[in-house]
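Colleague: Just a sequence and a predicted model for now, questions to come.
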Amino acid sequence: MSYIFTVNEVREKQNITVEQLRILLGNASEEELNFLYGQAREVADKVYGKKVFKRGLIEFTNYCKNDCYYCGIRRSNNCVERYRLEKEIILECCKRGYELGYRTFVLQGGEDGYFTDERICDIVSSVREKFPDSAITLSIGEKSKESYQKYFDAGANRYLLRHETANEEHYGRLHPTELSLVNRKQCLWDLKEIGYQVGCGFMVGSSYQTIETLYEDLMFIKALEPHMVGIGPFIPQQDTPFAKEKAGTLEMTLRLLAMIRLIHPHVLLPATTALGTIHKQGRELGILAGANVVMPNLSPVDVRDKYKLYDNKACSGDEAAEGDANLQLRIKNIGYELVCDRGDYC
Ligand code: 5AD
């Protein structure tokens, strides 16, 4: 089967077989890759036009009770200087973001026991009250359905929880035994049922990832039908068990972004910080391969380098909300417009 024929078929069926995935991740000429990316672009443009949505990311705690082998803020990493942001600071970040045109705030953090449901609801309802026309996205890990319901009732609209890998065995090689894929997937179903716009996702090139595990990731996306999918290259962090593992590549990430767009056309798909970290033009290339969201950092400057999920994480310049004008220009240069609306799933 030829590469181009495969792209066409995947696009037409909005589905993929493991053989087709193998072809699309295998040897391809530049021309073939450009065809894949171009088709993904066309599909995105049909749904969302030439728009790129922006989300302001506020990383409000780097404490985490989990010990994921790949993650820089894992519990056992003693090299991390831990911090938490007070509600007032979080609100200031939102205010600054609002002035810059942000209408989505993503509150992300490790699984930090200090932030009880009561504290989370207090923060969410304060943001909701001050910024009634903005979307509030939470990204704070695995909780009970009751907790998710409370945050939703307090005013949260969206929730990001990457599934990390949809394959049991692979999941077990990335996480300690107290974490389970079954529970993680259940969280995503619960969130969806409550009425959140949900995002799942995975790292590209994580250790032990194979075509087969990636295929399961794509099938999980087809089954869950999430509103958002976050993928970015795995990048080793020097103080984790995976310090010496190989990083994921730009090209694999671009191919997978394109495939996700083709099989799930309406998805909100960020060109992630990790993609911007491994390549100067990662964000633009991501957009040209089907992504339509960027998530610059709105956290206070003095904590940014403490939220180190991986080495050399980009958090200044165009990755930061201060670089908005420049980011806008870069996106304009590739024929897209960075817009200020909430950018809901449609
Ligand atoms: N490289 C890339 N992405 C990472 N994440 C965590 N650690 C790394 C790493 N070393 C991703 C995980 C997590 C998200 C917040 O960041 O997928 O869900």
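Modeller: That came in fine, so what should we check first? Numbers count the residues shown, from 1 in each chain.
Colleague: Count the residues that sit near the nearest residue to Phe53 once chain neighbours are set aside.
Modeller: Using C-beta to C-beta, 6 or more residues apart in numbering and skipping the chain neighbours, the partner closest in space to Phe53 is Gly343 (3.0 Å). (Glycine included, C-beta is placed from N, CA and C.) Applying other C-beta atoms under 10 Å, we find 19 residues neighbouring Gly343.
Colleague: measure Gly343 to the ligand for me?
Modeller: For Gly343, the distance to the ligand equals 20 Å [C-beta to the nearest ligand atom, to the nearest Å].
Colleague: Now do the contacts for that residue.
Modeller: When contacts are counted by C-beta atoms under 8 Å, 6 or more residues apart in numbering, Gly343 touches Lys51, Phe53, Lys54, Arg55, Arg103, Thr104, Ala135, Leu268, Val293.
Colleague: same thing but at 7 Å, please
Modeller: Gly343 makes contact with Phe53, Thr104, Leu268, Val293, according to C-beta atoms under 7 Å, 6 or more residues apart in numbering.
Colleague: how close does the third one get to Asn292?
Modeller: This means Leu268. Distance check for Leu268 against Asn292: by C-beta to C-beta, to the nearest Å, it reads 7 Å.
Colleague: ok and the residue in the stretch 101-250 of the chain nearest the ligand?
Modeller: Residue nearest to the ligand within the stretch 101-250 of the chain: Arg162 (3.7 Å; C-beta to the nearest ligand atom).
Colleague: what secondary structure does the closest residue to that residue other than its chain neighbours sit in?
Modeller: With C-beta to C-beta, 6+ apart as the criterion, Arg162 has its nearest non-adjacent residue at 3.9 Å, and that residue is Gly201. Recorded secondary structure, Gly201: strand (DSSP: H, G, I helix; E, B strand; the rest coil).
Colleague: one step back: where do the contact lists of Leu268 and Asn292 overlap?
Modeller: Phe53.
Colleague: where does the chain have low pLDDT?
Modeller: Scanning the chain with the threshold set as pLDDT under 70 gives 1, 316-319, 321.
Colleague: For the most centrally placed residue in it, give its distance to Lys13.
Modeller: Geometric centre of the chain, nearest residue: Gly230, 2.9 Å, by C-alpha atoms, centre = their mean. Distance, Gly230 to Lys13, by C-beta to C-beta: 24 Å.
Colleague: what do you get for Gln238?
Modeller: From Gln238 to Lys13 the distance is 43 Å (C-beta to C-beta).
Colleague: Same check on Leu181?
Modeller: For Leu181, the distance to Lys13 - C-beta to C-beta - is 27 Å.
Colleague: Which positions in the stretch 101-250 of the chain make contact with the ligand?
Modeller: Arg162, Glu164, Met203, Gly232, Phe234, Ile235, Gln237 (C-beta under 6 Å from any ligand atom).
Colleague: count of neighbours near the residue nearest to Arg162?
Modeller: 22.
Colleague: Hmm, it is touching Gly230, no?
Modeller: Yes - between Gly201 and Gly230 there is a contact under C-beta atoms under 7 Å: 3.5 Å.
Colleague: coming back round to it: next up, the contacts around the residue nearest to Arg162.
Modeller: Arg162, Val229, Gly230, Ile231.
Colleague: Out of the residues you listed, which sit inside helices?
Modeller: With helices identified by DSSP state H, none of the entries of the contacts of Gly201 belong to them.
Colleague: who are the neighbours in contact with the residue of the stretch 1-150 of the chain found nearest the ligand?
Modeller: Proximity of the stretch 1-150 of the chain to the ligand (C-beta to the nearest ligand atom) peaks at Cys71, 3.9 Å away. Contact analysis of Cys71 by C-beta under 7 Å, 6+ apart lists Thr240, Leu309.
Colleague: With Asn157 instead?
Modeller: Asn157 neighbours (C-beta under 7 Å, 6+ apart): Ala135, Ile136, Thr137, Tyr196, Gln197.
Colleague: what about stretch 134-153, how long is it end to end?
Modeller: 15 Å (C-alpha to C-alpha, to the nearest Å).
Colleague: what's in contact with the longest helix anywhere in the chain?
Modeller: Longest helix of the chain, by residue count under DSSP H: helix 30-48. Residues from elsewhere that reach helix 30-48 (C-beta under 7 Å, 6+ apart): 3-4, 7, 11, 24, 254-255, 258, 261-262, 265-266, 288-290, 292.
Colleague: out of those, what pair is the most spread apart?
Modeller: Tyr3 and His266 (25.1 Å; C-beta to C-beta).
Colleague: Shouldn't Asn326 be within a helix?
Modeller: Yes - when three-state DSSP is applied, Asn326 is found to be in a helix.
Colleague: Against Asn297, how distant is it?
Modeller: 14 Å.
Colleague: And Arg173, by the same measure?
Modeller: In terms of C-beta to C-beta, Arg173 sits 30 Å off from Asn297.
Colleague: Could you check which of the two is surrounded by more residues?
Modeller: Neighbour comparison, Arg173 and Asn297: the larger count goes to Asn297, with 25 against 14 (by other C-beta under 10 Å).
Colleague: Name whatever forms a beta bridge with that one.
Modeller: Leu57, Ala320 (DSSP bridges).
Colleague: isn't it right up against Arg304?
Modeller: Yes - the pair Asn297 / Arg304 is scored as a contact, 6.1 Å apart, by C-beta under 7 Å.
Colleague: Mutual contacts of those two, please.
Modeller: Cys315.
Colleague: Using neighbour counts, trim the contacts of Gly201 to the buried set.
Modeller: With burial judged by 16 or more other C-beta atoms under 10 Å, the buried subset of the contacts of Gly201 is Arg162, Val229, Gly230, Ile231.
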